[in-house]
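Enquirer: Make a model of this:
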Amino acid sequence: RGGPARKGPMLSVWAFEDADTNLYARMYDAADGLKRGRVNLEQSQLQRSGLPLPTLQQVWQIADTDADTELTRPEYYVACHIIMRHLKRQVPIPAALPPELAAAAAAAAQSPLPATPSTGPTEEQLAQQRAAERAEAEAAEAAARERAAAEAAAAAAPRSTSIKAFHAWLLRESSLGNLQRQEAVSMVPPLLLDVRPGMAVLDMCASPGSKAQQILEMLAAPARIANTDAAARAPVRSLDEARGLLVANDADVKRCQLLASRAARLHSPSLVVTSHDARLFPEAVGEGAAAAPPP
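Expert: The predicted structure follows:
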């Protein structure tokens with residue numbers, strides 16, 4: 001304490017860690033299924049990073065040093081490293097390929113993968129898992145056939161006037177946001193989370209939206225739920241009244257449109273809809289960010 005600072009080599013922002021090499025190697029091996037030694041943009045699956053297409057094309061041009069529109073393993077490592085450093089550490093996209101990055105990627109592509117302790121399942125466990133998955137799939141198919149038969153029988157049976165009126169009422173109230181039909185399995189996660197007003201909730205797979213609607217209702221102030229007069233049923237129009245936040249994410253843009261359409265019926269400002277690969281979802285709060293004030 002109080003002595004001179006220790007001096008040592010400063011690591012480049014483009015330096016590779018063992019975790020980087022492991023990740024990029026798995027991604028490249030999956031992309032190069034035909035073992036051609038190079039992958040194109042579609043095979044690379046780099047679009048799943050969520051970067052805008054112009055930015056992704058810029059990264060691709062930087063990595064594609066021989067300009068043949070395909071990436072070898074070292075070039076692929078360069079592209080992955082630029083994207084990951086940009087997403088995780090907010091490192092700006094370079095204008096040209098940094099020499100230290102090219103050297104690090106080439107070394108990582110040629111070196112053997114770091115040894116990691118085996119924690120995977122045994123062959124017997126894998127066989128049991130496959131058998132259980134087959135049994136589960138067969139049961140699901142049987143249940144689907146039964147449901148289809150029941151729906152066909154119900155559609156073929158003549159409907160009474162009261163049933164038709166009830167069906168029309170269901171459709172009308174659902175479109176107005178006063179009623180929602182939801183499977184029991186999608187009700188379980190919000191109940192287990194014990195969502196309460198003031199909480200911030202991140203739903204990584206939110207479409208088609210029934211679970212999101214349930215969470216938004218649970219985030220609403222208890223007084224609004226208990227009160228039944230017209231003022232309490234009016235749309236929530238301020239964040240103070242909403243007392244919470246739901247980030248509803250889905251990787252499929254089309255499913256996000258359905259999600260937003262259904263959740264919009266509640267008129268809640270507590271909702272943010274995103275479309276992003278959940279495995280690469282950006283960090284909501286970075287290092288040194290101030291904590292949100294209590295509700």
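Enquirer: Only C-alpha atoms from now on, for both contacts and neighbour counts.
Expert: Will do.
Enquirer: which helix in this protein runs the most residues?
Expert: Here the longest helix in the chain is taken by residue count, with DSSP state H as the criterion, and it is helix 123-156.
Enquirer: can you give me how far it is from the chain middle?
Expert: Counting by CA atoms, centre = their mean, to the nearest Å, helix 123-156 is centred 27 Å from the centre of its parent chain.
Enquirer: I'd like the mean pLDDT over that helix, please.
Expert: Here the mean pLDDT over helix 123-156 is 78, rounded to a whole number.
Enquirer: Could you look up the next helix or strand downstream of that helix?
Expert: From helix 123-156 onward toward the C-terminus, using DSSP states H and E, the following helix or strand is helix 161-176.
Enquirer: and after that next one, which helix or strand comes next?
Expert: helix 184-193.
Enquirer: List the strands paired with whichever helix or strand comes after that next one, with their directions.
Expert: Using DSSP H and E, the helix or strand that directly follows helix 184-193 along the chain is strand 200-203. Sheet pairing of strand 200-203 (DSSP bridges) gives strand 245-249 (parallel).
Enquirer: May I have the partner strand as PDB, with CA atoms only?
Expert: Listed next in PDB are the C-alpha coordinates belonging to strand 245-249 (Å, rounded to 0.1, in the frame of the first residue of the first chain):
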ATOM      1  CA  LEU A 245     -41.900  -2.700 -16.200                       C
ATOM      2  CA  LEU A 246     -42.200  -5.700 -18.500                       C
ATOM      3  CA  VAL A 247     -39.700  -6.300 -21.300                       C
ATOM      4  CA  ALA A 248     -41.400  -8.800 -23.600                       C
ATOM      5  CA  ASN A 249     -39.000 -10.400 -26.000                       C
END
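Enquirer: returning to what we had before: buried residues in the longest helix of the chain?
Expert: The neighbour-count criterion (16 or more other CA atoms under 10 Å) identifies no buried residues in helix 123-156.
Enquirer: Tell me the helices and strands packed up against it.
Expert: Packed against helix 123-156, as judged by 3 or more CA pairs under 8 Å, 6 or more residues apart in numbering; DSSP states H and E, are no other helices or strands.
Enquirer: remind me which residues of the stretch 151-295 of the chain are low pLDDT?
Expert: Residues of the stretch 151-295 of the chain that meet the criterion pLDDT under 70 lie in 156-160, 177, 221-242, 284-295.
Enquirer: ok, now with 50
Expert: 223-233, 236, 238-240, 285-295 (pLDDT under 50).
Enquirer: what's the answer for the stretch 1-150 of the chain, then?
Expert: Looking along the stretch 1-150 of the chain with the criterion set at pLDDT under 50, you get 1-10, 116.
Enquirer: mind listing the helices for it?
Expert: With DSSP state H, counting those that start in this stretch, the ranges of helices along the stretch 1-150 of the chain come out as 18-31, 41-44, 53-63, 73-89, 99-110, 123-156.
Enquirer: Identify the residues contacting the nearest residue to residue 14 once chain neighbours are set aside.
Expert: Counting by CA to CA, 6 or more residues apart in numbering, the nearest residue to residue 14 once its immediate chain neighbours are dropped is residue 101, at 5.3 Å. Taking CA atoms under 8 Å, 6 or more residues apart in numbering as the definition of contact, the neighbours of residue 101 are 14-15, 78.
Enquirer: Quick one, which of the residues you listed are buried?
Expert: A residue is treated as buried here by neighbour count (16+ other CA under 10 Å); on that basis the buried members of those are 14, 78.
Enquirer: just the contacts of residue 101 now: which is nearest residue 65?
Expert: For residue 65, the closest of those turns out to be residue 78, at 10.1 Å, with distances computed as CA to CA.
Enquirer: Surely the closest one touches residue 103?
Expert: No. In this structure, residue 78 is not within contact of residue 103 by CA atoms under 8 Å, at 9.6 Å.
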